[in-house]
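Participant: Based on what follows, work out the 3D shape:
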Amino acid sequence: MSNLEDYLTQLSFLFAFLIAAIAPGTALAENGNVEKREFVCMMQDTVMLKKGIPVEHEGRTYYACCPMCIEKLKADPTRHTKAQDPVTGATVDKAAAYIYNLDGFAIYFASEASREAFGREPGRYIAIE
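Facilitator: Numbering: from 1, shown residues only. Next up, the predicted model:
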């Protein structure tokens, strides 16, 4: 084998290891309301199978899936602590928002009514592929 082939083989093993290490934390749970926000990585906006790491910011608790996401929140808290309600357009704080799981992605809402409206017809509010 050439050095390039050895390198590519090692790289593929590393990639497989990383996927195996990350995958258990991500969820492909059923679509619907998320009542336990500690199962949401609020930096990547993904619903997880295991509890996230609590991160305190300005008296509120956000959740991250890994140390890298904690650093992302600390580096740019405005970007990672806020979201836009797709039904009303309101800016919401992720620590207090109502959350809906859509194919493993967390969608944030200002009210239960917004979340319910979205749940009835998600395609009306966001592009679904």
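
Participant: can you give me the strands for this structure?
Facilitator: 32-34, 40-41, 46-47, 53-57, 60-64, 82-84, 91-93, 98-102, 105-109 (DSSP state E).

Participant: which one of those strands is the most hemmed in?
Facilitator: strand 40-41 (a mean of 25; mean count of other C-beta atoms under 10 Å). (C-beta placed from N, C-alpha, C; glycine too.)

Participant: Could you list the paired strands of that one along with their orientation?
Facilitator: With DSSP bridges as the test, strand 40-41 is paired with strand 46-47 (antiparallel).

Participant: For the partner strand, the averaged confidence score.
Facilitator: Averaging pLDDT along strand 46-47 yields 96.

Participant: Ok, stretch 108-123 next?
Facilitator: On average, stretch 108-123 scores 96.

Participant: Same question for stretch 87-98.
Facilitator: 97.

Participant: can you list the residues that contact it?
Facilitator: 33, 37, 40, 42, 60-62, 80-85, 108-112, 114-115, 117-118, 125 (C-beta atoms under 8 Å, 6 or more residues apart in numbering).

Participant: Compare the strands of the chain and give me the one nearest K74.
Facilitator: Among the strands of the chain, strand 53-57 comes nearest to K74, with 7.9 Å by C-beta to C-beta.

Participant: a markdown table please, covering the strands of the chain and showing distance to E71.
Facilitator: Listed next are the strands of the chain as a markdown table, based on distance: least, C-beta to C-beta, whole Å:
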| stretch | distance to E71 |
| --- | --- |
| strand 32-34 | 24 |
| strand 40-41 | 13 |
| strand 46-47 | 17 |
| strand 53-57 | 10 |
| strand 60-64 | 9 |
| strand 82-84 | 18 |
| strand 91-93 | 20 |
| strand 98-102 | 23 |
| strand 105-109 | 19 |
